[in-house]
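[1] my questions concern the predicted model and sequence given below.
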Amino acid sequence: MNIKKNDIIELEITDLNNLGCGVGKTADGLVVFVKGAVTGDRVLAKIIKVTSSFLVGKLEKILVRSPNRFDGEGMRAEECKAPQSCGGCIYRNIKYEHELTLKRDYVKNAFRKAGLSDVEVLDTAHTQRVTGYRNKAQYPVREVGGRVRAGFFATKTHDLIPCESCLLQPDIFGEIVAFVVDFAEKHKIRAYDEEKGKGVLRHIYLRIAERTGQIMVCLVINADKMQASAAFAEEIVERFPSVTSVMLNVNKKNTNVILGESFECIGGVDYIIDELCGLRFKISAGSFYQVNRDGAELLYSLARERAALTGKETVADLYCGAGTIGLSMADKAARIVGVEIVDEAINCAKENAQMNGIENAHFFCGDASDTRGLLASAKDNLGDFCPDVVIIDPPRKGTTEELVNYLDSLGVKRIVYVSCNPDTLARDCAWFAQKGYNIGEVTPVDLFPGTGHVESVVCLTRRLDVDMRR
């Protein structure tokens with residue numbers, strides 16, 4: 001079957017990948033990816049890209065509508081005002097129940113590809129909340145039609161789609177963005193021009209502490225100062241009393257990285273405080289905090305359950321960030337030892353422990369890739385120890401084989417792995433299995449409804465015969 005660019009073909013869609021593309025096959029078995037198509041659809045697709053191993057098609061017409069398609073009712077009943085080109089919610093066209101199944105299948109396939117098809121993957125855990133869950137947003141600001149506008153970049157571009165509201169974010173974010181844009185217009189604060197490197201206002205960066213209602217507004221600027229900044233701080237707090245922190249962030253580099261290194265508080269305080277797992281956490285502009293608070297609470301409760309602490313264990317919390325996971329387990333452990341490479345995060349973790357009156361949690365700087373020195377600072381301060389349980393929550397690239405070997409050399413009995421990337425989780429679990437760890441049930445957790453991302457948590461338990469054979 002000789003298919004060329006611009007040909008229109010009929011396809012049965014048999015799968016949907018984590019990039020939001022329906023997957024079908026031609027009569028001779030060539031894979032075709034079609035954005036906007038859904039498992040169970042029969043479609044007409046116009047071929048827009050041809051390679052030796054796959055084709056890419058543009059959805060022209062749905063001939064038979066899939067039962068998995070979103071029908072305008074149920075959990076996704078609210079209407080998104082952003083155009084399809086936004087690309088943020090790749091699963092906006094399907095029912096949420098099907099999305100949960102896809103995410104479980106994504107995790108199962110990752111383990112199958114890693115040679116671990118016998119690992120049990122449970123149903124995807126979720127909070128029932130599919131809109132308004134994001135507590136952080138970053139809106140690029142550009143000039144469109146001679147006016148300052150904010151919104152989102154179209155998929156794989158830096159073309160701005162003006163849009164102040166988003167179903168994944170609280171309504172007040174859209175109101176604040178509209179206020180900022182109007183203020184910039186009124187005070188002639190120029191939007192950033194990416195090509196020329198000119199203009200002042202680059203991004204509007206918002207955070208909300210859902211339990212306390214406190215909001216941080218941070219303007220990312222391409223300058224050392226912003227005109228009328230004092231007036232801005234005064235007016236936004238007057239208009240939105242829940243705004244307790246007004247910040248400027250300076251980023252003058254020609255980069256895609258949103259935040260620069262320099263922050264200045266121009267109104268209120270330089271942090272907000274939220275409650276998570278019964279504890280209070282200070283959130284600074286640059287600190288990590290899960291963007292779905294309720295989802296994080298679910299994820300951490302599953303991690304706590306898998307850790308199976310009795311109150312006697314020393315727990316090492318690696319990649320600990322601001323200490324949220326470790327601190328949520330402190331009441332069930334003899335001692336929590338958190339290690340993180342970022343100084344600011346360690347300072348936040350210490351402040352969070354103090355704010356919650358937790359005295360058995362200790363935090364130190366250390367690099368998980370430097371196994372020789374990973375626990376050196378902790379042991380200098382606490383004396384020699386060997387963790388009974390280790391929590392790891394690495395970035396998307398996963399952990400390292402060196403760290404796996406190191407934890408194996410310590411004879412750690414239980415390792416609770418919290419992951420944001422099923423592929424690297426499966427790869428790392430294969431390494432642990434080679435060292436003699438049993439892989440427990442894997443629970444996918446949907447922290448990001450509507451998107452292709454899925455978190456997971458699993459406990460790795462050291463086999464009793466491993467040390468006896470050494």
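    Everything's here; your move. Numbers count the residues shown, from 1 in each chain.
[2] quick one: the helices in the stretch 151-300 of the chain, in order.
    With DSSP state H, counting those that start in this stretch as the definition, the stretch 151-300 of the chain shows helices at residue ranges 171-186, 229-239, 293-307.
[3] which strands and helices sit next to the last one?
    Applying 3 or more C-beta pairs under 8 Å, 6 or more residues apart in numbering; DSSP states H and E, one finds that helix 293-307 contacts strand 271-276, helix 324-329, strand 389-392, strand 414-419, strand 443-445, strand 455-462. All C-beta spots, glycine's among them, are computed from the backbone N, C-alpha and C.
[4] CSV for those, including mean pLDDT and distance to Asn93?
    What follows is those, written out as CSV (pLDDT from 0 to 100; distance: least, C-beta to C-beta, whole Å):
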stretch, mean pLDDT, distance to Asn93
strand 271-276, 96, 32
helix 324-329, 96, 33
strand 389-392, 97, 35
strand 414-419, 98, 27
strand 443-445, 98, 21
strand 455-462, 97, 23
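[5] would a markdown table of the ones you listed with distance to Val181 and mean neighbour count be doable?
    Formatted as a markdown table, those follow (distance: least, C-beta to C-beta, whole Å; neighbours: other C-beta atoms under 10 Å):
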| stretch | distance to Val181 | mean neighbour count |
| --- | --- | --- |
| strand 271-276 | 22 | 20 |
| helix 324-329 | 33 | 25 |
| strand 389-392 | 42 | 24 |
| strand 414-419 | 37 | 24 |
| strand 443-445 | 35 | 25 |
| strand 455-462 | 33 | 24 |
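[6] so for Gly115, which of the ones you listed sits nearest?
    Nearest to Gly115 among the helices and strands packed on helix 293-307 is strand 455-462; the distance by C-beta to C-beta comes to 15.8 Å.
[7] which other helices and strands contact the closest one?
    helix 293-307, strand 414-419, helix 422-434, strand 437-439, strand 443-445.
[8] can I get these in JSON lines with distance to Tyr96?
    Formatted as JSON lines, the entries for those read as follows, by distance: least, C-beta to C-beta, whole Å:
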{"stretch": "helix 293-307", "distance to Tyr96": "14"}
{"stretch": "strand 414-419", "distance to Tyr96": "22"}
{"stretch": "helix 422-434", "distance to Tyr96": "19"}
{"stretch": "strand 437-439", "distance to Tyr96": "28"}
{"stretch": "strand 443-445", "distance to Tyr96": "14"}
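[9] tell me the helix or strand right after the lengthiest helix in the chain.
    Scanning the chain for the helix with the most residues, using DSSP state H, yields helix 96-113. Per DSSP states H and E, the first helix or strand lying C-terminal to helix 96-113 is strand 136-144.
[10] in its sheet, which strands sit next to that next one, and in what direction?
    Based on DSSP bridges, the pairing partners of strand 136-144 within the sheet are strand 147-153 (antiparallel), strand 201-208 (antiparallel).
[11] what's in contact with that strand?
    Residues outside strand 136-144 that contact it (C-beta atoms under 8 Å, 6 or more residues apart in numbering): 148-153, 158, 160, 162, 164, 166, 169, 173, 177, 181, 184, 190-194, 199, 201-208, 258, 289, 291.
[12] list the helices and strands the lowest-mean-pLDDT helix or strand in the chain packs on?
    Of the helices and strands making up the chain, the lowest-confidence element is strand 160-162, at a mean of 82, by mean pLDDT, DSSP states H and E. Contacting strand 160-162 under the criterion 3+ C-beta pairs under 8 Å, 6+ apart are the following elements: strand 136-144, strand 147-153.
[13] now these as TSV including distance to Arg92?
    Listed next are those as TSV, based on distance: least, C-beta to C-beta, whole Å:
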stretch	distance to Arg92
strand 136-144	17
strand 147-153	13
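[14] out of the ones you listed, name the one with the poorest average pLDDT.
    Considering the helices and strands packed on strand 160-162 one by one, the lowest average pLDDT is found for strand 147-153, at a mean of 91.
[15] that one to helix 171-186, inter-axis angle?
    Here strand 147-153 points in a direction 150 degrees away from that of helix 171-186 (axes from the mean of the first three to the mean of the last three C-alpha atoms, to 10 degrees).
[16] show me which positions of strand 147-153 end up buried.
    By neighbour count, with 16 or more other C-beta atoms under 10 Å as the criterion, the buried positions of strand 147-153 are 148-153.
[17] likewise stretch 108-128?
    In terms of neighbour count (16+ other C-beta under 10 Å), stretch 108-128 has its buried residues at 108-111, 114, 116, 119, 121, 124-127.
[18] what's the answer for stretch 31-42, then?
    32-42.
[19] pLDDT averaged over it - what is it?
    For stretch 31-42, the per-residue pLDDT values average out at 94.
[20] now what about it, what contacts it?
    Contacting residues not belonging to stretch 31-42 are listed as 9-17, 20-26, 43, 45, 47, 53-59, 62-69, 84, 93-94, 98, 102 [C-beta under 8 Å, 6+ apart].
[21] show me which of those residues are buried.
    With burial judged by 16+ other C-beta under 10 Å, the buried subset of those is 9, 11, 13, 15-16, 20-25, 43, 45, 47, 55-59, 62, 66, 68-69, 93-94, 98, 102.
[22] Thr131 touches Leu168, doesn't it?
    Yes. Taking C-beta atoms under 8 Å as the contact criterion, Thr131 and Leu168 are neighbours in contact, 6.5 Å apart.
[23] could you tell me which residues touch both of the two?
    In terms of C-beta under 8 Å, 6+ apart, Thr131 and Leu168 are both contacted by the residues Pro449.
[24] higher neighbour count, the two?
    In this view Thr131 and Leu168 are compared by other C-beta atoms under 10 Å, and Leu168 has more residues nearby, 21 against 18.
[25] quick check: the gap between the residue lying closest to that one once chain neighbours are set aside and Pro422.
    What sits nearest to Leu168 in space, not counting adjacent residues and going by C-beta to C-beta, 6 or more residues apart in numbering, is Arg134, at 4.8 Å. Relative to Pro422, Arg134 is positioned 21 Å away (C-beta to C-beta, to the nearest Å).
[26] between these two, who's got more neighbours?
    Under the neighbour definition other C-beta under 10 Å, Arg134 and Pro422 were set side by side, and Pro422 has more, 26 against 21.
[27] Ala110 is in contact with that one, correct?
    Yes. Counting by C-beta under 8 Å, a contact exists between Pro422 and Ala110, whose distance comes to 3.8 Å.
[28] where in this structure is pLDDT low?
    Low-confidence regions of the chain, defined here as pLDDT under 70, cover residues 1, 72-87, 466-470.
[29] that older thread, close enough to count as contact, the residue nearest to Leu168 and Leu206?
    No. Counting by C-beta under 8 Å, Leu206 is not a contact partner of Arg134; they are 9.6 Å apart.
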